[in-house]
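**Student:** Sequence below, structure please.
(one chain, ligands or ions: 1)
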Amino acid sequence: MYPYASFVTANVSSPNTKDLRSLQQPGGLDALLAALTAERDALAKRYGNRVPLAIKIAPDIDDAGIEAIADRVAARGIDAVIATNTTVSREGIGHLPASREQGGLSGAPLKALATAVVAKLRRALPAGVAIIGVGGIASTADAREKLDAGANLVQLYTALVYRGPRLVGEIVRGLASPGRIR
Ligand SMILES: Cc1cc2nc3c(=O)[nH]c(=O)nc-3n(C[C@H](O)[C@H](O)[C@H](O)COP(=O)(O)O)c2cc1C
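**Tutor:** Residues are numbered from 1 along each chain as shown. Prediction:
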């Protein structure tokens, strides 16, 4: 996909794939990032075009873990970190029957947790490494929250289920006219 992609993401944070998240540990992560950046450099030479490389992390990582990831990302020349994937936490929704289901939780219950990871990453990463904030964005105000926490770009998924693709234009227009945030 290298010649076609605007950027490429390595997702090491899905809770639905056995042992995938162990690649977020410093040893495994470093080996993966070394291999990915070597491949990127070879492809950049072949195509004469450097495609940015991002890694996508989970929200269920403690502060030391976030700092260790930031350290490896900076050392290996990764261009961006996407924060975050879905959470395995059920905090705040334990009273709901659906909270007993397996798998990653997305949307509103994830929002604050993902924003906190963005803020911690911003403190730990050099300014040149972009942060793509994602988790519970369903409005211009939600997007602004991620940007204020230090994200350079934002993504959303779950809100599209409820609001459809028009939401994207609404948020972009909302961000462009700061007086009318909602
Ligand atoms: C049904 C579903 C499938 C997902 N599949 C992927 C995936 O294949 N790869 C990935 O990196 N993230 C995946 N995600 C995570 C989302 O891309 C996003 O990081 C997360 O849902 C938080 O954003 P949101 O609250 O806007 O949905 C998935 C999320 C959901 C709900």
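**Student:** What's the local residue count around Q25?
**Tutor:** Neighbourhood size, Q25 [other Cβ atoms under 10 Å]: 14. (Glycine included, C-beta is placed from N, CA and C.)
**Student:** For it, what are phi and psi?
**Tutor:** As for Q25, its main-chain torsions (degrees, to the nearest 10) stand at phi -70, psi 150.
**Student:** what helix or strand does the residue of the chain positioned farthest from its centre sit in?
**Tutor:** Most distant residue from the mean C-alpha position of the chain: R46, 28.4 Å away (Cα atoms, centre = their mean). R46 is located in helix 26-47, with elements delineated by DSSP states H and E.
**Student:** Contacts made by the following helix or strand past that helix with the rest, please.
**Tutor:** Going down the chain from helix 26-47, the next helix or strand is strand 53-57, by DSSP H and E. Residues outside strand 53-57 that contact it (Cβ atoms under 8 Å, 6 or more residues apart in numbering): 7-13, 24, 29, 33, 36-37, 40, 66, 69, 73, 78-85, 117, 130, 132.
**Student:** let's see it at 6 Å
**Tutor:** Residues outside strand 53-57 that contact it (Cβ atoms under 6 Å, 6 or more residues apart in numbering): 7-11, 13, 36, 40, 78-83, 85.
**Student:** same question, stretch 158-167
**Tutor:** Contact with stretch 158-167 is made by S106, G107, A138, as judged by Cβ under 6 Å, 6+ apart.
**Student:** Return the set of buried residues in stretch 89-103.
**Tutor:** If you call a residue buried by 16 or more other Cβ atoms under 10 Å, then stretch 89-103 has these buried ones: S89.
**Student:** for stretch 141-158, same thing?
**Tutor:** Using 16+ other Cβ under 10 Å as the burial criterion, the residues of stretch 141-158 that qualify are D142, A143, R144, E145, K146, A149, G150, A151, L153, V154, L156, T158.
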